[in-house]
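J.: Sharing a model that was predicted from the sequence below.
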Amino acid sequence: MRTARAPQLSTAFRLSGIDFDLMGATRRIIEGSLGVVPGERVLIMVDRARRDVGISLADAARNTGAQAVIFSLEEYGERPMRHLPPSLEEALSEAQASILLAGFDDGEMAMRYELLTLVRQLNLRHAHMLGITRRSMIGGFTVDPSRILDATRGLRMRLRPDSVLRVRSAAGTDLEVRCSPAHRWAEHVGVIRPGRWEHLPSGGLVTSPTSIQGVYVADASVGTELGASLGSLERSAVRFEIEQGVCRAVRGGDRSLDRHLMDFMRREPSLDRVGLVIFGANIGIHAATGEVSSDQNLPGIHLGFGATYPEQTGAVWNARTQITVTSSTSDVDLDGVPVVRSGRLLL
């Protein structure tokens, strides 16, 4: 098969100076999460806003003895990109590992779905990094994935099939989550196997609850393109009132965001249902960044409305998309025993 030709990058793609913090984070992604070894080929798909970070990832891959190729998404058409370009499909077929590093864009869901389908078909190890900036990348990779794996498994050992979680926060969260013996807790620890993909940064457990009731206050970040543009919710926290697993009301300090969230949840069936409970356990993250891809790994409980990822959780219902909402700090009791206090894991 003919090798896809990567575009020539301009000098604007060069890092100015040496960013040691970023170098450490990208090394952990390439070596720890993707497990890249000499002789492999790594494909890095990056948008214009994150090109410097893409270069650092490529440098980390080359330092292991691997071949790294950077593709700038804007050189393949206008954004949002509705479908995966054939040249990228061809390049993926010759790679062993891949990274998508781009901003949130609701119009690119179909393209991302095509990409993840290819990841499974081609048996790639894929890092999915949406909305990630230098700040959240460094914050999410302050410790090696092996340490996050140990913390996550220590937490999982304490969970029973029918465990009850009680979540409270100073912002107003007061939530009860009941687990189901029929549903699994899936690990997301940032160690990616062939044919698999994972959101990075990572670090936590996810399940689909059998019952969830109460109030959840998101004061860190929310998903979707609008949520990414707003950033931190520290001054405009959003209150989700949940009855029998369904969001009945959204109330916050930003009315436009409230309307956007309710409209999003009404877009398709089951998008107003809590599909996932995310138990963040990345012990290297100590504060919210306003970027949901990082904040959902902060020790504590976060929620996903919509998709249940039934292949991982065993849930019997699903939705085509999802919106994730996160909290900056929370207290979590597991079967009456404190396991998180003020965003710190007590293990």
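T.: On my side now, so go ahead.

J.: Flag the shaky bits of the protein, pLDDT-wise.
T.: Low-confidence segments of the chain (pLDDT under 70): 1-18.

J.: Domain map for it?
T.: With domains defined by automatic domain parsing, the chain comprises 11-130, 143-345.

J.: Wasn't Ile278 part of a helix?
T.: No. Counting by DSSP: H, G, I helix; E, B strand; the rest coil, Ile278 falls outside a helix, being strand.

J.: correct me, but Ala170 touches Thr329?
T.: Yes. The pair Ala170 and Thr329 qualifies as a contact (Cβ atoms under 8 Å) at a distance of 7.0 Å. (C-beta placed from N, C-alpha, C; glycine too.)

J.: Please compare these two by neighbour count and tell me which comes out ahead.
T.: Set Ala170 next to Thr329 and count neighbours by other Cβ atoms under 10 Å: Thr329 wins out with 20 against 12.

J.: who are the neighbours in contact with the more buried one?
T.: Contacts for Thr329 were tallied using Cβ atoms under 8 Å, 6 or more residues apart in numbering; they are Ser169, Ala170, Ala171, Gly300, Ser342, Gly343.

J.: hmm, back to that, need the domains of the chain in JSON lines (columns: distance to Met137).
T.: Listed next are the domains of the chain as JSON lines, based on distance: least, Cβ to Cβ, whole Å:
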{"stretch": "domain 11-130", "distance to Met137": "5"}
{"stretch": "domain 143-345", "distance to Met137": "7"}
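
J.: right, and those domains - which one's nearest Ser136?
T.: Nearest to Ser136, of all these, is domain 143-345, at 3.7 Å by Cβ to Cβ.

J.: all helices for the stretch 1-150 of the chain, in order.
T.: Per DSSP state H, counting those that start in this stretch, the stretch 1-150 of the chain has helices spanning 20-27, 51-63, 86-92, 109-122, 134-140, 145-158. These are given in chain order.

J.: Output those helices in a markdown table; the columns should cover mean neighbour count.
T.: Below are the helices of the stretch 1-150 of the chain laid out as a markdown table (neighbours: other Cβ atoms under 10 Å):
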| stretch | mean neighbour count |
| --- | --- |
| helix 20-27 | 18 |
| helix 51-63 | 21 |
| helix 86-92 | 17 |
| helix 109-122 | 16 |
| helix 134-140 | 22 |
| helix 145-158 | 18 |
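
J.: Nearest to Ala237, out of these?
T.: Ranking the helices of the stretch 1-150 of the chain by proximity to Ala237 (Cβ to Cβ) places helix 134-140 first, at 19.5 Å.

J.: leaving aside the residues next to it on the chain, what's closest to Glu234?
T.: Asp219 (6.1 Å; Cβ to Cβ, 6 or more residues apart in numbering).

J.: and His302, what is it in contact with?
T.: With Cβ under 8 Å, 6+ apart as the criterion, the residues that contact His302 are Val277, Ile278, Gly280, Asp295, Gln296, Thr324, Val325, Thr326, Ser327.

J.: Show me which pair in those is furthest apart.
T.: Greatest spacing in the contacts of His302, by Cβ to Cβ: Val277 and Asp295 (15.1 Å).

J.: Settle it for me: which of the two has more neighbours?
T.: Counted by other Cβ under 10 Å, Val277 and Asp295 do not tie: Asp295 has more neighbours, with 30 against 24.

J.: quick one: secondary structure of the closest residue to Arg135 other than its chain neighbours?
T.: Spatial nearest neighbour of Arg135, excluding adjacent residues (Cβ to Cβ, 6+ apart): Thr289 at 5.7 Å. Here Thr289 is coil, with the state taken from three-state DSSP.
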